[in-house]
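Participant: Below are the sequence and a predicted model; questions follow.
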Amino acid sequence: MDELFSPESLVWRDKAREVAQKVVRPKAAHYDRIQEYPWEIRDALAEAGLFGVWIPKEFGGHGGGVLELCLVVEELSRACGGIGVLFAVNALGSFPILLAGTEEQKKRYLPDIASGKRLIAFGLSERGAGSDASGLATRAVEDGDEYVLDGSKKWTTNGGAADIYSIFAVTDPTSASRRISAIIVEKGDPGFEIGRAEDKMGIRAVPVVELHFKGCRVPKDRLLGGRAGMGFKHAMMTLDRARPGVAAQAAGLARGALELATVYAMKRHQFGQSIANFQMIQQMLADMATQVEAARQLVYASARACDAGVPSLTKMAAMAKLFATDAAMRVTTDAVQVFGGYGFMRDYPIEKFMRDAKITQIYEGTNQVQRLVVARNLMKEASGLADLEAYMPLPDHPNTLLDQERAAAEAANPA
Ligand code: CAA
């Protein structure tokens, strides 16, 4: 499969594999237990240059794209799903700046993100605005040379550890389509506080927190792209490019669980032989492997679609996120099953994979939202097809769809 990637892509994948093997895997259980930010792993990722993978060379990065990001996330997640997202969320936070920031904003923030010196988070969701991402209540009001923010954010991954925050807030409550703007907030801005840290089922190595803005004042030049009202669009464009990363996290998790389950099945003896000899176990492993492979291919295809900027990238990213994360839940659950009673216990690493997998079906858009995005885009594409009669010749007798359409047209416009 290496032949399918450029040598540059493989350099970053291999560096990530090395960090995952040497630094992440030995510490995964520890950070899962203590639920504290693993600064030593951040340092190892920074030292390997991995935070610069998706950032253009002119802003201090390595000039890769979503594909290279996904290859790194997959390798890290194979060892620990929490570390996979700890890394990927910096891409989520920085994509708004990359996609829509002014030149000055890019120069100010991207080099430090690329070097790993400063971490970044993405603040969209609120208590009352999860799937309904446009229903935000956090306000940002202009006051002289500043914006004043009031409100709270929920489930901010990397919050507290991060120095920079891409925050989405309502700047024009009277507008239906231009209500929201993205504003960059920095740690230490007056009135900005880190709130409650969640106690989570999985991805426990990375903090997920509330953010509070209490009359938080930031200079006006923090408005993303210098243009108000574009925030919702920028959030959606960001999520399009970040969802392949969640899919890569899921595919990596699933791959890691499959590898452990295969080794365990070969070592575990029951009825006088290795359980890997039993066809029921072989069937499970084969089905798991097929799902992992299909998920990986959709990750790479959607990442390439994002990097090429093709019109179907929104649909592809949603499909990859949907398929890979549902596959990860099935594969990690089956991996626990292969481990049997031992799999249920924390002594073995496998139950953590199942716990880490669950959130991938929920965040960066629930899989219900992904299906909605896929269906909407399918219909948009279908409405652009040639006229129905030419595209799908219908039987020449009454009561066809075409006759109903003709009758409706005649009724509306009697000749
Ligand atoms: N690219 C560009 N523009 C887009 C777009 C896209 N992919 N999708 C929508 N838009 C634009 C539309 O063109 C439209 O623009 P106009 O007003 O100019 O016509 C506007 O945005 C509104 O679009 P919709 O009517 O489709 O919006 P909607 O309110 O129906 O919402 C939704 C659609 C898909 C449900 C969206 O709200 C959504 O994606 N929800 C899920 C939110 C989400 O993923 N949250 C995750 C938070 S981050 C997180 O989880 C991170 C973490 O912890 C790691």
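Facilitator: Thanks, I have the structure now. Numbering: from 1, shown residues only.
Participant: Secondary structure element holding E351?
Facilitator: Assigned by DSSP states H and E, E351 belongs to helix 350-360.
Participant: And the ligand, is that helix touching that?
Facilitator: No. Helix 350-360 is not in contact with the ligand by C-beta under 6 Å from any ligand atom; minimum separation 8.1 Å. The C-beta positions use only the backbone N, C-alpha and C, and glycine is treated the same way.
Participant: when you give positions from now on, start the count at 79
Facilitator: All set: I'll call the first residue 79, so the last point we hit is now helix 428-438.
Participant: And that helix, what does it pack against?
Facilitator: Using 3 or more C-beta pairs under 8 Å, 6 or more residues apart in numbering; DSSP states H and E, the elements in contact with helix 428-438 are helix 103-112, helix 159-178, helix 309-345, helix 391-421.
Participant: Put the alpha carbons of it into CSV.
Facilitator: What follows is helix 428-438, C-alpha atoms only, in CSV (Å, rounded to 0.1, in the frame of the first residue of the first chain):
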residue,chain,number,x,y,z
ILE,A,428,-8.6,-3.5,24.7
GLU,A,429,-11.6,-2.1,26.7
LYS,A,430,-10.0,1.4,26.3
PHE,A,431,-10.3,1.2,22.5
MET,A,432,-14.0,0.6,22.8
ARG,A,433,-14.4,3.5,25.2
ASP,A,434,-12.3,5.8,23.0
ALA,A,435,-14.2,4.8,19.9
LYS,A,436,-17.7,5.9,21.2
ILE,A,437,-17.0,9.6,21.0
THR,A,438,-16.0,9.4,17.4
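Participant: Can you name the residues in contact with that helix?
Facilitator: Under the criterion C-beta atoms under 8 Å, 6 or more residues apart in numbering, residues 106-107, 110, 158-160, 163, 278-281, 324, 327-328, 331-332, 334-335, 338-339, 342, 399, 402-403, 406-407, 409-411, 413-414, 417, 421-424 lie in contact with helix 428-438.
Participant: Could you figure out how far that helix is turned away from helix 309-345?
Facilitator: Helix 428-438 and helix 309-345 are oriented at 160 degrees to each other (axes from the mean of the first three to the mean of the last three C-alpha atoms, to 10 degrees).
Participant: Quick check: next helix or strand after helix 428-438?
Facilitator: helix 445-461.
Participant: roughly how far out does that next one sit from the chain middle?
Facilitator: 18 Å (C-alpha atoms, centre = their mean, to the nearest Å).
Participant: List the buried residues of it.
Facilitator: Residues 445, 447-448, 451-452, 455 are the ones in helix 445-461 that count as buried (16 or more other C-beta atoms under 10 Å).
Participant: Which other helices and strands does that helix contact?
Facilitator: helix 391-421.
Participant: Would you mind listing the residues in contact with the one residue sitting closest to the centre of the chain?
Facilitator: By C-alpha atoms, centre = their mean, the chain has its centre lying nearest to V324, at 3.3 Å. Neighbouring residues of V324 by C-beta under 8 Å, 6+ apart: 163, 166, 399, 402-403, 438, 441-442.
Participant: which of the residues you listed lies closest to the ligand?
Facilitator: In terms of C-beta to the nearest ligand atom, no member of the contacts of V324 lies closer to the ligand than Y441, at 3.5 Å.
Participant: Residues of the stretch 329-478 of the chain that sit close to the ligand?
Facilitator: Of all the residues in the stretch 329-478 of the chain, those lying near the ligand are 392, 441-443, 447, 450-451, going by C-beta under 6 Å from any ligand atom.
Participant: Quickly check these for the two that are furthest apart.
Facilitator: Farthest-apart pair in these is T392 and Y441; separation 17.7 Å (C-beta to C-beta).
Participant: Quick check on these two: which one has the bigger neighbour count.
Facilitator: T392 (23 against 20; other C-beta atoms under 10 Å).
Participant: what about A107, how many neighbours?
Facilitator: When neighbours are counted by other C-beta under 10 Å, A107 registers 15.
Participant: That one and P427 touch, don't they?
Facilitator: Yes. A107 is within contact range of P427, at 6.4 Å (criterion: C-beta atoms under 8 Å).
Participant: hey, what's D221 bridged with?
Facilitator: Taking DSSP bridges, one obtains E224 as the residues bridged to D221.
Participant: Tell me the predicted confidence for it.
Facilitator: For D221, the pLDDT comes out at 98.
Participant: Same question for N477.
Facilitator: For N477, the model assigns a pLDDT of 67.
Participant: got it, and L466?
Facilitator: 67.
Participant: What's the first helix or strand after the lowest-mean-pLDDT helix or strand in the chain?
Facilitator: The helix or strand of the chain with the poorest confidence is helix 466-469; it has a mean of 70 (mean pLDDT, DSSP states H and E). Counting by DSSP H and E, the next helix or strand C-terminal to helix 466-469 is helix 479-490.
Participant: deepest of the helices and strands packed on helix 428-438, which one?
Facilitator: Of all the helices and strands packed on helix 428-438, helix 159-178 has the most neighbours on average by mean count of other C-beta atoms under 10 Å, namely a mean of 27.
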